[in-house]
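Visitor: I would like to see how this sequence folds:
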Amino acid sequence: MKKSAILLFFAALFSLHAMAQSVQEGIAHLNAERYQSARQVFEKLTASNPNNLEAVYWLGQTLLAQDDVNGARALYQKTLAANGNAPWIMVGMGQINLLDGKAAEARQLFDAALAASKGKKGSDVAILTAVARANIQAYSDQKKQGDLDYAIAKLNEAAQQAPTNPDIFVALGNAYRKKHQGGDAVQAYRKAGNYAPALYRIASLYQSQRNWDAVTENLNSAVAADPKFAPAFFDLYYYNLLYKKDFASAASFAEKFKAVADPTVENEYLTAQTAFVQNNFTAAIASASKIVSGSQNPRPRVYRLLAYSYLGAKDTASACTNSNLYLQKAPEEDIIGADYILHATACGRGNPALIRDDIAAAIKKDSVLSRQLETLNDAIENAKANNNKLLEGELRLISYQLRQGQGRASNDELISYIAVPLYLGGNYQKADSVAQAYSAAVPDSIHGYYWSALSRTAIDTNMQQGLAIPMWEKVLTVAEGNKERFKSQGVRAATSLAVYNTNIKQDRDAALGYVTRGLAFDPANDNLLNIQKVLSQSGKTPRAADSKTKTKTEAAGGKVKSKSKG
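Guide: Sure, this is the predicted structure:
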């Protein structure tokens, strides 16, 4: 071989090696969430060589990571028009089709890409992994775009050919995670070896379980494997700031994160979060708002922080807006149970259906009962702190139902802890149901009948349907067994029954009978004496005999008092 030919051969080899390294450099930036740097690498590669279709594919993936679906779509469509049989681009376009809800078209492109890349050993490992990754990234519990089982099958096929390729096992772990198979996900991530993205994902799984020793162990391993892996530094900052309350260590990790992250307004997030932890909600909102206004596609986490900060500032409307934005924009795998509880807290006042859906979604994030209960208990305390009675009642009911199946729930919880907050939160129908369940379990107790009567009275405010009357009868009967202990409940029941028989039934004798029974509890009660006077002065039952008397119910701590006006 001539010397010139040898030099040309090695020059071409070196050029290919440099190009491959450059693609890998861009992928490393993308994995470490340095999207600006990744985009610069891939744009430079595609500008110098438009036929570098692998670089085009990864440029599209970077655009998708930045939530620029339209940009990725335009890039893949343009490239596919000129390179109709390019496997990389067919996979990218198939992913766009999945995001657009076109599953059949996507599968055709995936199958075509795999067929076009097929060699003696089977389809190309990189294309198999890309096809799987497209299905995994498009899938969420809500939309179910993408086929996780199909993705897992392709990854297993790829692993047979390349059993040491870490990207295969990161994708496989992501697939199992979206199937809510945490154990299988950890096993897959561990097969990736000493690979920062895999170690980081393991830490994220343990974070949902609040196993902080395992979290920090894997985060430290991630930065040891890749000293420039920014997400791990960020999470170590987060752990030290929020859980250890070690502000000096948090500040150190914040600086390490900034040193390896893209220089961007997003770094203001650390300032915002530090202010939030110190309950300086105004400063937190100001710093987080800089990120939103200074970035076309801010990372979704900023909306979560804004939602919490606005809640701290007692601005539930703004908290709800930002909680909605977070759930809309965050990848499914980044959403944890507490995010749904945050949404219920911010948006759920007066909307029990939304609260129930959010709680169900939060519980679904973790199948282990102890961790479900821990999530619920934290949320209950937060609801109490925000005086959100409806959310508190719904959360306590879910907790009760979960523990009831394990024999760890008490009937005593049903009234004070569940029915009362549901009643005070305005969900009278459910409060009545819970109170009825208590009465069925403890029929000799007055409390179930009493809160059922109150709830039905709130539903049937003008008494036309008589919904509460059977319950008030029960309350009065039980109260008469201990007039001193149940004085307020007995008076309230007798008053309600007297008013009902006067105005609705127009039965003067029956009404007077209830007045007499009520006065046995409290002979000086103004309401009852006034009703008695009106009825006694009339030879017949007057319509609206109680026209000058209004009963005001004050419920607090399970006690009710009656007051009169006019």
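Visitor: for the rest of this, base every contact and every neighbour count on C-alpha atoms.
Guide: OK.
Visitor: so how far is residue 298 from residue 65?
Guide: Distance check for residue 65 against residue 298: by Cα to Cα, to the nearest Å, it reads 11 Å.
Visitor: ok, residue 157 next?
Guide: Between residue 157 and residue 298 the distance is 36 Å, computed by Cα to Cα.
Visitor: again with residue 369
Guide: In terms of Cα to Cα, residue 369 sits 35 Å off from residue 298.
Visitor: of these two, who's got more company?
Guide: residue 298 (18 against 14; other Cα atoms under 10 Å).
Visitor: contacting residues for that one?
Guide: The contact partners of residue 298, by Cα atoms under 8 Å, 6 or more residues apart in numbering, come to 266, 291-292.
Visitor: could you list the low-pLDDT ranges of the chain?
Guide: 1-21, 538-566 (pLDDT under 70).
Visitor: secondary structure element holding the residue nearest the centre of it?
Guide: Among the residues of the chain, residue 340 comes closest to the average C-alpha position under Cα atoms, centre = their mean, at 2.1 Å. Using DSSP states H and E, residue 340 sits within helix 337-347.
Visitor: other SSEs contacting that helix?
Guide: helix 301-312, helix 316-329, helix 352-364, helix 369-385 (3 or more Cα pairs under 8 Å, 6 or more residues apart in numbering; DSSP states H and E).
Visitor: got the buried residues for the last one?
Guide: Taking 16 or more other Cα atoms under 10 Å as the basis for neighbour counts, the residues of helix 369-385 that come out buried are 371-373, 375-377, 379-380, 382-383.
Visitor: with stretch 383-403 instead?
Guide: Here stretch 383-403 shows 383, 386, 388-400, 402-403 as buried, counting by 16+ other Cα under 10 Å.
Visitor: which stretches of the stretch 101-250 of the chain form helices?
Guide: 103-116, 125-138, 148-161, 166-178, 182-191, 196-208, 212-225, 230-242, 247-260 (DSSP state H, counting those that start in this stretch).
Visitor: output these in TSV, with distance to residue 512 and mean neighbour count appended to each entry.
Guide: Putting the helices of the stretch 101-250 of the chain into TSV (distance: least, Cα to Cα, whole Å; neighbours: other Cα atoms under 10 Å) gives the following:
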stretch	distance to residue 512	mean neighbour count
helix 103-116	72	19
helix 125-138	70	25
helix 148-161	71	19
helix 166-178	66	25
helix 182-191	67	20
helix 196-208	62	23
helix 212-225	67	19
helix 230-242	64	22
helix 247-260	70	17
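Visitor: my guess is residue 276 contacts residue 311, does it?
Guide: No: using Cα atoms under 8 Å, residue 276 is not in contact with residue 311, being 11.0 Å away.
Visitor: if I pick the closest residue in space to residue 115 that isn't next to it in sequence, what's in contact with it?
Guide: Once flanking residues are discounted, residue 115 sits nearest to residue 123: 6.8 Å by Cα to Cα, 6 or more residues apart in numbering. Contacts for residue 123 (Cα under 8 Å, 6+ apart) come out as 114-115, 117.
Visitor: how does this structure divide up, domain by domain?
Guide: Structural domains assigned to the chain are 195-249, 456-563, following automatic domain parsing.
Visitor: the residue lying closest to residue 452 once chain neighbours are set aside - how many residues pack around it?
Guide: Closest residue in space to residue 452, ignoring its immediate chain neighbours: residue 432 at 4.5 Å, by Cα to Cα, 6+ apart. Neighbours of residue 432 under the rule other Cα under 10 Å: 25.
Visitor: hang on, the earlier thing: for residue 42, find the nearest of the helices of the stretch 101-250 of the chain.
Guide: Closest to residue 42 of those, according to Cα to Cα: helix 125-138, at 16.8 Å.
Visitor: list the helices and strands the closest one packs on?
Guide: Using 3+ Cα pairs under 8 Å, 6+ apart, helix 125-138 sits against helix 87-99, helix 103-116, helix 148-161, helix 166-178.
Visitor: who touches the last one?
Guide: Contacts of helix 166-178 with the rest of the structure, by Cα under 8 Å, 6+ apart, involve 129, 132-133, 136, 139-141, 148, 151-152, 155, 158-159, 182, 184-193, 195, 197-198, 332-333.
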